[in-house]
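S.K.: Just to be clear, the model below is a prediction. Sequence and coordinates:
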Amino acid sequence: QAVNMPPKFDPSSVIEVFVRATGGEVGAASSLAPKIGPLGLSPKKIGEDIAKVTGKEWKGLRVTVKLTVQNRQATASVVTSASAMVIRTLKEP
């Protein structure tokens, strides 16, 4: 009885992971772990990176963050949505 193993993770390939996070806050590492754990990244460190990227501009707003992972290095960038931009412009809580 053969067990199908998933293909080995290729560290040089570029992988994009989308995560919803509250701007300027370090989210729970437990919520990030299932998505980025298999990529060999530290959820705690990624949480801090997300908080840094969303910092002042998106503070307190729920935004989508795109993590681009290559060679076990993640770069975070904010994916702007219409709703987040409207809320930010109106300076609503």
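M.R.: Received the coordinates, thanks.

S.K.: Please make it C-alpha for all contacts and neighbour counts, starting now.
M.R.: Fine.

S.K.: part of a helix, is residue 65?
M.R.: No - secondary structure assignment (DSSP: H, G, I helix; E, B strand; the rest coil) places residue 65 in strand, not in a helix.

S.K.: Just give me the longest helix of this structure.
M.R.: Criterion DSSP state H: the longest helix present in the chain is helix 43-54.

S.K.: so what secondary structure elements neighbour it?
M.R.: helix 29-36, strand 73-79 (3 or more C-alpha pairs under 8 Å, 6 or more residues apart in numbering; DSSP states H and E).

S.K.: repeat that with 6 Å
M.R.: Secondary-structure packing of helix 43-54 (3 or more C-alpha pairs under 6 Å, 6 or more residues apart in numbering; DSSP states H and E): helix 29-36.

S.K.: Look up how far residue 82 lies from the residue positioned nearest the centre of the chain.
M.R.: For the chain, the residue lying nearest the average C-alpha position, counting by C-alpha atoms, centre = their mean, turns out to be residue 19 (4.3 Å). As defined by C-alpha to C-alpha, to the nearest Å, residue 19 lies at a distance of 17 Å from residue 82.

S.K.: related to what we said a few turns ago, okay, the angle between the longest helix of the chain and strand 73-79?
M.R.: Using axes from the mean of the first three to the mean of the last three C-alpha atoms, to 10 degrees, one finds that helix 43-54 and strand 73-79 are set 40 degrees apart in direction.

S.K.: got the buried residues for helix 43-54?
M.R.: If you call a residue buried by 16 or more other C-alpha atoms under 10 Å, then helix 43-54 has these buried ones: 43, 46, 47, 49, 50, 51, 53, 54.

S.K.: same thing with stretch 68-88?
M.R.: Neighbour counts using 16+ other C-alpha under 10 Å place 68, 69, 70, 72, 74, 76, 77, 78, 84, 88 of stretch 68-88 among the buried residues.
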